[in-house]
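# starting from these lines, generate the structure:
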Amino acid sequence: MKKNILILVFICFTNMTFAQVELRSLTVENLSEPIGIETKVPRFSWKLTSNKRDVKQTAYEIKVKEGNKVVWSSGKVTSEKSIFNKYQGVSLESNTKYAWQIRVWDNKGNTSKWAKSTFETAFMSSNDWKASWISSGLKNDVVDGIVPVFRKSFATNKKIISAKVYITSRGLYEVKINEKRMGDSYLAPGFTSYNKHLQYQTYNVTSLVSEGKNAIGVLLGSGWYRTSLVSKGHHNLYGKETALLFQMVITYSDGSTETVVSDDSWKASVSHITFSEIYDGENQDARLEQKNYSTVNFDDSKWTNVVIKDFPLNYITASINEPIRKHETFKPVKVLTSPKGETILDFGQNLVGWVKVNIQGKAGDQIKLSHVEMLDKKGVPYFENLRTAKAQDTYILSGGTDTFEPHFTFFGFRYVRVEGLTGKIKPEDFTAIALYSDMKKTGTFETSNSYVNQLQSNIQWGQKGNFLDVPTDCPQRDERLGWTGDAEVFGRTAAYNFNTNQFFSKWLIDLALDQNPNGSVPFVIPDVFDRNDSGAAGWSDSSIIIPYDLYVAFGDKDIVERQYPSMKAYLDYVRSVAKNDLWNTGFQFGDWLSYKEDNSKERAGLKSADTNNFLVAQCFYAYNVQIMIKAAALLGKTEEVKEYTALLERIQKAFQSEYITLSGKLTSDTQTAYILALQFDVLPENLRQQAVERLVKNIESYNFHLTTGFLGTPFLNPVLTRFGRNDVAYKLILQDTYPSWLYPIKAHGATTIWERWDSKKPDGSFQDPSMTSFNHYAYGAVGDWMYRTIVGIDTEEADGAGYKEITIKPQIGGDLAYAKGSLETNYGLLSSAWKIENGKFIFDVEIPVNTTATIEFPTEKTATITEGKMNLKAKSKSARFGSGKYHFEMQL
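Residues are numbered from 1 along each chain as shown. Got it, this is the predicted structure:
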């Protein structure tokens, strides 16, 4: 009897244990245990886990402490909200560590254990800066000149509890303390509109600082701050002098603190980096290296005193986004010899970053590494598409064993030409290192089609290479700028692949700051052109589209609220230049790089797909207003909702009067024209079906090839799916001849998305080198459709944004036998995986805790739908489910 009772107790205890709701992934301002936030009202988020189904949070309690002092206790708050809960305690202090803990209650009667984490503040006021800006004062520390090195010695005489460094620069910095590198970020402080917005970073250097004597060494490169951007000679955009701002705060065991700051006690000298530039690369002379310059015993008697600079501090803010870090590494997969006798390393992947070299040779020997994306059909490195960018590292050997890698530049490349080596090259001496912003990877996607899988890989690699602190258009030529159009069309896809919340949040600050007084938005952000006072549809619209997309993807309402004045100002600008609600003035990019006819036999008679630029603009005008209606409703601006709703009706009528013929045909009879008109609902409902038919007929006339450019492509497949022509959408995604998504992969082995559909032509020649990038993510915007349609993962908007309310609606097609995808949402892992076997659809789903999903099954035979071993006896294709894992089977 006792034995039976013990077994029963054990079973009950086990069930209680496994039923316990647990917490994970605690974040503050989207960051895990951040050490340098300055927001006065930080937001707390967490994720719930449970092995039970249909679990939701019903209440939470947060406590925040400084030491043993409670600075905020929320009490028990009845709420399902587990993301972006705002701090409501006493004012936070600078340079202070806070501990916070969270527990929740769920709808099953469970209470979680307390989950604990920390966050640390940076400087809550610019008055906290005690450091001074310092510059090297060296004559050759100019644009395209040397990279200076700074040095400072200091001593401590007490036991150290903690040491933190707050640092930024006009230029790019790298720091060593006692000969150990500070942090693992690169190209810091990143790329911002430096004259209006400069971020500083915080580092925990407790392990680097010793009791007694210490030394600091800092390299300071020109970076984006003053090297040429856009074109040669277009340099010193933000200033002629680089400068450093450094403040270390040391806390001792007795509670006292000490600061070490940049001031006139620092010294400077030339480094071994004789040249460093974003487009052209970096030169290093190992013979000139001053080894151990960040050690205490280094002799700096020949170094010169730094110069104090009176640069402002009031626009410096703590970093809110992830830093650039090193990621994947690649060894050469082939060593090639060109017809010219050149030695070429093939790393097998088009990536962004640089090559690290370990090498021996004679003192004074010079090694050159030249980076390219492609070889021509003869096997010769293709430099022409780099335009004026040299993309070259030059290293002069010391005579011993040298290790080289750049510090303040980066390249887009797959191939590297190596010059200057004597003897046989050792591929193991060369390592390609990928650099990109350290966003968390969130999305996975796979199908039974290997080419589609490669397309997904290409999309992700295009994002990695071009999300280097700002969303650039391309990473290799003399451009590498934050083009707004590319970012806008790719935003939703980007948010599937990685958590881009903070990445875009930081970039949008620069967008608002660089916005022109008339409300127009420059074409690149940061605005290095500094001459644009007009807006272009699909480009400047990023000011409206991206903030709302971030809300939809992550549930971050604050971004919409922060950006709303910018959004409204841009819409007001468009309204001011539109005539009678028709946007038909000013410069427009239109459907950039759409299909152009050529003289090939394969495409004889296929005309160019030129869409009227103002037709495109009018459609995006409607799109902007549609978003503004949603944004205004989200923020409770009821009068503006009414105003924008009336405006939208006028815009639609203006479109119909201007661009629809009496027969219902659009004045531009192109795929893009019908796609945009259908996507943004500017056609009257009675003309939409015939517009779909015209679109499909157009696609058929091009033998099921797309002809769209930057603005039509993102909406091509979504429109076909929405209006019941998923069959055509699948034909397009699986098309593998030019022009198509799979053509670059099948014909040329592409590993990234290209700028043009035929950046490399079917005959092996190249497109116009003035605009031919092989790493340009815009056409990868189809990834959004792949996630939302093939695996069916999507989110509701309004109160369900950020995957609080989920839609799972896979739509099968083509010859795909299976597909699976997952997304790490702000609530947890969401996944959808299906396969077809013997006419049966087998479907596995995981829904995060604290969310609800509406699942639509791709079958008309609803009576055959089972979950586990139970028939659902479904009367509808659609059903609602709570959190948990589900296994469905059904007949097709």
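# going by C-alpha atoms from here, please, whenever you check contacts or count neighbours.
Noted.
# just the element for Tyr395, please.
strand 392-396 (DSSP states H and E).
# cool, and Phe503?
Counting by DSSP H and E, the element that carries Phe503 is helix 501-514.
# same question, Leu550
Per DSSP H and E: Leu550 is located in helix 542-554.
# buried sites along that helix?
Applying a neighbour-count criterion of 16 or more other C-alpha atoms under 10 Å, one finds 542-554 buried in helix 542-554.
# kindly reformat these as JSON lines containing pLDDT and distance to Phe404.
Converted to JSON lines, the buried residues of helix 542-554 look like this (pLDDT from 0 to 100; distance: C-alpha to C-alpha, whole Å):
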{"residue": "Ser542", "pLDDT": "98", "distance to Phe404": "40"}
{"residue": "Ser543", "pLDDT": "98", "distance to Phe404": "41"}
{"residue": "Ile544", "pLDDT": "98", "distance to Phe404": "44"}
{"residue": "Ile545", "pLDDT": "98", "distance to Phe404": "43"}
{"residue": "Ile546", "pLDDT": "98", "distance to Phe404": "39"}
{"residue": "Pro547", "pLDDT": "98", "distance to Phe404": "41"}
{"residue": "Tyr548", "pLDDT": "98", "distance to Phe404": "44"}
{"residue": "Asp549", "pLDDT": "98", "distance to Phe404": "41"}
{"residue": "Leu550", "pLDDT": "98", "distance to Phe404": "40"}
{"residue": "Tyr551", "pLDDT": "98", "distance to Phe404": "43"}
{"residue": "Val552", "pLDDT": "98", "distance to Phe404": "44"}
{"residue": "Ala553", "pLDDT": "98", "distance to Phe404": "41"}
{"residue": "Phe554", "pLDDT": "98", "distance to Phe404": "40"}
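# Serialize the residues you listed to a markdown table and add fields for distance to Ala536.
Below are the buried residues of helix 542-554 laid out as a markdown table (distance: C-alpha to C-alpha, whole Å):
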| residue | distance to Ala536 |
| --- | --- |
| Ser542 | 10 |
| Ser543 | 11 |
| Ile544 | 13 |
| Ile545 | 13 |
| Ile546 | 15 |
| Pro547 | 18 |
| Tyr548 | 19 |
| Asp549 | 19 |
| Leu550 | 21 |
| Tyr551 | 23 |
| Val552 | 24 |
| Ala553 | 25 |
| Phe554 | 27 |
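# of all those residues, which comes closest to Val625?
Nearest to Val625 among those is Ile544, at 9.1 Å by C-alpha to C-alpha.
# ok, now which ones touch that closest one?
Ile544 makes contact with Ser566, Met567, Tyr570, Asn624, Ile627, Met628, according to C-alpha atoms under 8 Å, 6 or more residues apart in numbering.
# so which of those are in strands?
Among the contacts of Ile544, no member is found in strands (DSSP state E).
# right, and Ile102 touches Ala115 too?
Yes. Between Ile102 and Ala115 there is a contact under C-alpha atoms under 8 Å: 5.3 Å.
# with neighbour numbers in mind, choose between those two.
The neighbour comparison of Ile102 against Ala115 (other C-alpha atoms under 10 Å) goes to Ile102, with 21 against 17.
# pretty sure the more buried one sits in a strand.
Yes. Counting by DSSP: H, G, I helix; E, B strand; the rest coil, Ile102 is located in a strand.
# can you classify the residue lying closest to it once chain neighbours are set aside by secondary structure?
Excluding the flanking residues, the one nearest Ile102 by C-alpha to C-alpha, 6 or more residues apart in numbering is Ile62, at 4.6 Å. Following three-state DSSP, we place Ile62 in the strand state.
# do I have it right that Ile62 meets Ala115?
No. Look at Ile62 against Ala115 with C-alpha under 8 Å: they stay out of range, at 9.7 Å.
# which residues do these two both contact?
Residues touching both Ile62 and Ala115 by C-alpha under 8 Å, 6+ apart: Gln101, Ile102, Arg103.
# which elements pack onto the helix or strand Val355 falls within?
According to DSSP H and E, Val355 maps onto strand 343-360. When contacts are defined as 3 or more C-alpha pairs under 8 Å, 6 or more residues apart in numbering; DSSP states H and E, strand 343-360 sits against strand 334-337, strand 401-404, strand 411-419, strand 430-437, helix 450-466.
# can you add mean pLDDT and mean neighbour count and give the ones you listed back as a markdown table?
Shown next, in a markdown table, are the helices and strands packed on strand 343-360 (pLDDT from 0 to 100; neighbours: other C-alpha atoms under 10 Å):
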| stretch | mean pLDDT | mean neighbour count |
| --- | --- | --- |
| strand 334-337 | 97 | 15 |
| strand 401-404 | 96 | 15 |
| strand 411-419 | 98 | 24 |
| strand 430-437 | 98 | 23 |
| helix 450-466 | 98 | 23 |
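# who wins for proximity to Leu23 among those?
Taking C-alpha to C-alpha, strand 430-437 is the member of the helices and strands packed on strand 343-360 nearest to Leu23, at 27.0 Å.
# after that closest one, which helix or strand is next?
Following strand 430-437 in sequence, per DSSP H and E, is strand 443-447.
# partner strands of that next one, with direction?
Strand pairing for strand 443-447, using DSSP bridges, gives strand 818-825 (antiparallel).
# list the contacts for the closest residue in space to Thr752 that isn't next to it in sequence?
Excluding its sequence neighbours, the residue lying closest to Thr752 (C-alpha to C-alpha, 6+ apart) is Asn458, at 4.0 Å. Contact analysis of Asn458 by C-alpha under 8 Å, 6+ apart lists Ala750, Thr751, Thr752, Ile753, Gly780.
# please repeat the previous calculation with a cut-off of 10 Å.
Applying C-alpha atoms under 10 Å, 6 or more residues apart in numbering, we find Asn458 in contact with 349-350, 452, 464, 745, 750-754, 775-777, 780.
# cool, and Gly171?
By C-alpha under 10 Å, 6+ apart, Gly171 lies in contact with 187-191, 194, 220-227, 238-239, 241-244, 408.
# counting only strands, which of these make the cut?
Using DSSP E, the members of the contacts of Gly171 that fall in strands are Leu220, Gly221, Ala243, Leu244.
# ok and the strand holding Val355 relative to strand 430-437, angle-wise?
Per axes from the mean of the first three to the mean of the last three C-alpha atoms, to 10 degrees, the angle that strand 343-360 makes with strand 430-437 is 100 degrees.
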